[in-house]
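Colleague: Pasting the sequence and the predicted model now:
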Amino acid sequence: MIKKCPKCLTGSTKSQEIYIVLQNIRSLFNVGSIFRSADVFKIDKIFLCGYTGYPPRDQISKTALGAQDWIPWEKARQTPTLLKKLKKQGFQIVALETGKKTKPLPKFKPKFPIALVLGNEVKGLTKNVLDIADEIVEIPMHGKKDSLNVSNAASVAMYDLNLKRK
């Protein structure tokens, strides 16, 4: 069963669309924060995959501050199936992850429309999702830590991609 946002409006033209795909995000507060950032950065749609929670949930509402009511969203069970479908529709699939085979986000040149995929707070993205991705990008880290909270990483990536829209 697919659940969709009951009150969503669509925004930009297809050629410049940015979708966010969340795979197995545990924290509903992170999901809500990503909704809020999606509003700020004019994201066109969010897909909530696997066991990622979806509205209505109090924890999502607390951090989304209502954005879950107007950002288009859809619940999808299988992330790989969704990504293959989006790829057939012409979306570039971009995974945000850390690792050896990554490209620094500032040097990445997106080909819109784009689907940015973010994974579980501890385990990251699954191998089958990474195998589907056209590009794997990472946010350069300069401190002692080598990762950000998923909602913070999502915000940084959304900001960067939004700047690169024409």
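Modeller: Cool, the structure landed.
Colleague: only C-alpha atoms for contact and neighbour calcs from this point on.
Modeller: Fine.
Colleague: May I see the buried residues of the host helix or strand of Leu86?
Modeller: Assigning secondary structure by DSSP states H and E places Leu86 in helix 79-88. Residues of helix 79-88 classed as buried by neighbour count (16 or more other Cα atoms under 10 Å): 79-80, 83-84, 86-87.
Colleague: With stretch 137-151 instead?
Modeller: Across stretch 137-151, burial judged by 16+ other Cα under 10 Å covers 137-139, 147, 150-151.
Colleague: need those residues in TSV with distance to Lys107 and pLDDT, can you?
Modeller: As requested, the buried residues of stretch 137-151 are exported to TSV (distance: Cα to Cα, whole Å; pLDDT from 0 to 100):
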residue	distance to Lys107	pLDDT
Val137	9	97
Glu138	10	95
Ile139	10	95
Ser147	18	82
Val150	21	96
Ser151	21	97
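Colleague: Send me the helix holding Leu86 as PDB with only the CA atoms.
Modeller: C-alpha atoms of helix 79-88 as PDB (Å, rounded to 0.1, in the frame of the first residue of the first chain):
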ATOM      1  CA  THR A  79      13.800   1.700  -2.100                       C
ATOM      2  CA  PRO A  80      15.500  -0.200  -5.000                       C
ATOM      3  CA  THR A  81      12.200  -0.600  -6.800                       C
ATOM      4  CA  LEU A  82      11.400   3.100  -6.400                       C
ATOM      5  CA  LEU A  83      14.900   4.200  -7.600                       C
ATOM      6  CA  LYS A  84      14.700   2.000 -10.700                       C
ATOM      7  CA  LYS A  85      11.300   3.600 -11.500                       C
ATOM      8  CA  LEU A  86      12.700   7.100 -11.000                       C
ATOM      9  CA  LYS A  87      15.700   6.300 -13.100                       C
ATOM     10  CA  LYS A  88      13.400   5.200 -16.000                       C
END
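Colleague: Give me the residues contacting stretch 83-100.
Modeller: For stretch 83-100, contacts defined as Cα atoms under 8 Å, 6 or more residues apart in numbering pick out 110-119, 124-125, 129-130, 132-139, 147.
Colleague: Sort out for me which of the residues you listed are in helices.
Modeller: Counting by DSSP state H, those place 129-130, 132 in helices.
Colleague: between the buried residues of helix 79-88, which is nearest Lys42?
Modeller: Nearest to Lys42 out of the buried residues of helix 79-88 is Leu86 (Cα to Cα; 19.0 Å).
Colleague: For stretch 41-48, what is the distance to the chain centroid?
Modeller: 7 Å (Cα atoms, centre = their mean, to the nearest Å).
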